[in-house]
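Novice: Model the structure of this input:
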Amino acid sequence: MSELPTWNEIAGHALASLNEARLGLSNARDWMNSDWSDGHGPADHEKRHEAAQLIREAKQLIEQAKDALRASAERVAR
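Specialist: Purely as a prediction, here's the structure:
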(Lines give C-alpha, C1' and ligand atoms only; values in the text may rest on other atoms or scores of the structure.)
Protein backbone atom coordinates (compact mmCIF):
# COMPACT_ATOMS: atom_id res chain seq x y z
CA MET A 1 0.00 0.00 0.00
CA SER A 2 1.40 3.41 -0.94
CA GLU A 3 1.71 6.25 1.51
CA LEU A 4 -0.51 9.28 1.10
CA PRO A 5 1.20 12.62 0.45
CA THR A 6 1.50 15.19 3.20
CA TRP A 7 -0.46 18.43 3.05
CA ASN A 8 2.77 20.31 2.33
CA GLU A 9 3.43 18.06 -0.68
CA ILE A 10 -0.12 18.57 -1.94
CA ALA A 11 0.15 22.34 -1.43
CA GLY A 12 3.50 22.37 -3.24
CA HIS A 13 2.02 20.63 -6.28
CA ALA A 14 -1.02 22.92 -6.20
CA LEU A 15 1.27 25.98 -6.06
CA ALA A 16 3.23 24.70 -9.05
CA SER A 17 -0.02 24.25 -11.00
CA LEU A 18 -1.18 27.73 -10.06
CA ASN A 19 2.15 29.14 -11.25
CA GLU A 20 1.61 27.38 -14.59
CA ALA A 21 -1.90 28.80 -14.82
CA ARG A 22 -0.61 32.30 -14.11
CA LEU A 23 2.07 31.89 -16.76
CA GLY A 24 -0.60 30.76 -19.23
CA LEU A 25 -2.60 33.91 -18.50
CA SER A 26 0.52 36.04 -19.01
CA ASN A 27 1.14 34.31 -22.34
CA ALA A 28 -2.46 34.97 -23.41
CA ARG A 29 -2.10 38.65 -22.48
CA ASP A 30 1.16 38.86 -24.44
CA TRP A 31 -0.51 37.34 -27.50
CA MET A 32 -3.37 39.81 -27.22
CA ASN A 33 -0.84 42.67 -27.16
CA SER A 34 0.99 41.41 -30.25
CA ASP A 35 1.01 43.31 -33.50
CA TRP A 36 -1.30 41.99 -36.20
CA SER A 37 -1.61 42.35 -39.95
CA ASP A 38 -3.48 45.36 -41.25
CA GLY A 39 -7.16 44.61 -41.63
CA HIS A 40 -7.02 41.62 -39.30
CA GLY A 41 -7.35 43.29 -35.89
CA PRO A 42 -10.13 42.78 -33.39
CA ALA A 43 -13.57 43.88 -34.54
CA ASP A 44 -14.39 45.13 -31.05
CA HIS A 45 -11.54 46.75 -29.12
CA GLU A 46 -13.80 47.11 -26.09
CA LYS A 47 -14.09 43.30 -25.88
CA ARG A 48 -10.30 43.02 -26.19
CA HIS A 49 -9.91 45.37 -23.23
CA GLU A 50 -12.56 43.43 -21.30
CA ALA A 51 -10.62 40.22 -21.88
CA ALA A 52 -7.41 41.90 -20.67
CA GLN A 53 -9.18 43.08 -17.51
CA LEU A 54 -10.51 39.59 -16.84
CA ILE A 55 -6.99 38.19 -17.25
CA ARG A 56 -5.71 40.71 -14.68
CA GLU A 57 -8.48 39.73 -12.27
CA ALA A 58 -7.80 36.01 -12.76
CA LYS A 59 -4.10 36.55 -12.03
CA GLN A 60 -5.01 38.39 -8.83
CA LEU A 61 -7.26 35.52 -7.78
CA ILE A 62 -4.48 33.04 -8.47
CA GLU A 63 -2.17 35.07 -6.22
CA GLN A 64 -4.82 35.01 -3.47
CA ALA A 65 -5.12 31.24 -3.81
CA LYS A 66 -1.33 30.87 -3.62
CA ASP A 67 -1.22 33.01 -0.47
CA ALA A 68 -3.94 30.88 1.13
CA LEU A 69 -2.09 27.67 0.26
CA ARG A 70 1.17 29.02 1.66
CA ALA A 71 -0.60 30.05 4.87
CA SER A 72 -2.20 26.61 5.22
CA ALA A 73 1.18 24.92 4.75
CA GLU A 74 2.74 27.20 7.38
CA ARG A 75 0.02 26.28 9.87
CA VAL A 76 0.70 22.58 9.30
CA ALA A 77 4.45 23.09 9.82
CA ARG A 78 3.94 24.57 13.29
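
Novice: ok, now how distant is the one residue sitting closest to the centre of the chain from residue 55?
Specialist: Central residue of the chain (C-alpha atoms, centre = their mean): residue 22, 2.5 Å from the mean position. Applying C-beta to C-beta, to the nearest Å, the value for residue 22 to residue 55 is 10 Å. In short, each C-beta sits where N, CA and C put it, glycine included.

Novice: same question, residue 19
Specialist: Distance of residue 19 to residue 55, computed by C-beta to C-beta: 16 Å.

Novice: Pick out whichever of the two has more residues nearby.
Specialist: Set side by side, residue 19 and residue 55 show more neighbours around residue 55, with 16 against 12, by other C-beta atoms under 10 Å.

Novice: Quick check: that one touching residue 30?
Specialist: No: at 10.2 Å, residue 55 does not count as touching residue 30 under the criterion of C-beta atoms under 8 Å.
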